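1. pasting the sequence and the predicted coordinates here, then a few questions.
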Amino acid sequence: MDAPNTAAGLEQDLRTAAYEGDLLRVKKLLSEGVNFQNQGLFKDTALHNAAQKGHASVCDELIKAGAELEAQDKMWKTPLHWACENGHIDACRVLLDAGANIEATVISSATALHLAAQEKRSDVCMLLISRGANTHCKSKNATPAAMAKRHGHADLADQMRAMAKSKKAMDAMEIVLQVLPLPMKAAQIK
């Protein structure tokens with residue numbers, strides 16, 4: 001194992017602090033200039049580790065320092081994939097608000113929505129759909145809703161399909177309102 005005072009040791013310490021949610025230690029190590037982009041044995045970064053455990057404030061701190069949102073580990077998972085798969089909605093929000101790619105895929109072509117659906121993370125699925133996640137993309141020939149059903153979560157699959165239809169209807173209404181002449185819009189509002 002690397003000595004704690006070597007560069008590699010400090011980088012590992014940062015990844016560990018992020019995994020444990022130790023915000024003060026993360027801030028201290030960042031202020032000392034420790035490389036937060038360095039990847040561990042499984043190509044995980046400090047941001048991967050914080051997202052995996054749902055430490056939203058640590059994610060936010062690392063993002064403010066410039067952490068790579070789209071860094072991929074050995075399974076091609078980004079920090080967003082880890083947060084979604086583990087049901088950490090606050091970390092998901094932080095990552096999405098910072099611009100994380102909602103459609104990034106892991107090695108099996110699964111998106112964050114697939115991973116959340118597979119693990120029955122209902123609130124995360126609804127967040128992703130509300131933020132525009134593609135509900136029709138396929139991983140292993142399954143849409144996210146089909147993936148949920150395949151894993152015994154038929155109720156979530158139904159909920160996801162209903163929300164996707166509702167969002168599609170709202171998006172269509174938004175398009176109609178954008179192309180209507182201004183007097184027609186005013187009449188619609190009344």
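-> On my side now, so go ahead.
2. where's the spatially most central residue of the chain relative to residue 112, distance?
-> Within the chain, the residue whose C-alpha comes closest to the C-alpha centroid is residue 80; the distance, by Cα atoms, centre = their mean, is 2.5 Å. Plainly put, residue 80 is 5 Å away from residue 112 if you go by Cβ to Cβ, to the nearest Å. All C-beta atoms are positioned from the backbone trio N, CA, C, and that covers glycine.
3. which residues do these two both contact?
-> Both residue 80 and residue 112 are contacted by 92, 102, 104, under the criterion Cβ atoms under 8 Å, 6 or more residues apart in numbering.
4. how about the stretch of helix or strand residue 84 belongs to: buried residues?
-> Assigned by DSSP states H and E, residue 84 falls within helix 79-85. Along helix 79-85, the positions that meet the burial threshold by neighbour count (16 or more other Cβ atoms under 10 Å) are 79, 80, 81, 82, 83, 84, 85.
5. go on, stretch 134-149?
-> By neighbour count, and taking 16+ other Cβ under 10 Å as the criterion, the buried residues in stretch 134-149 are 135, 137, 139, 142, 143, 144, 145, 146, 147, 148, 149.
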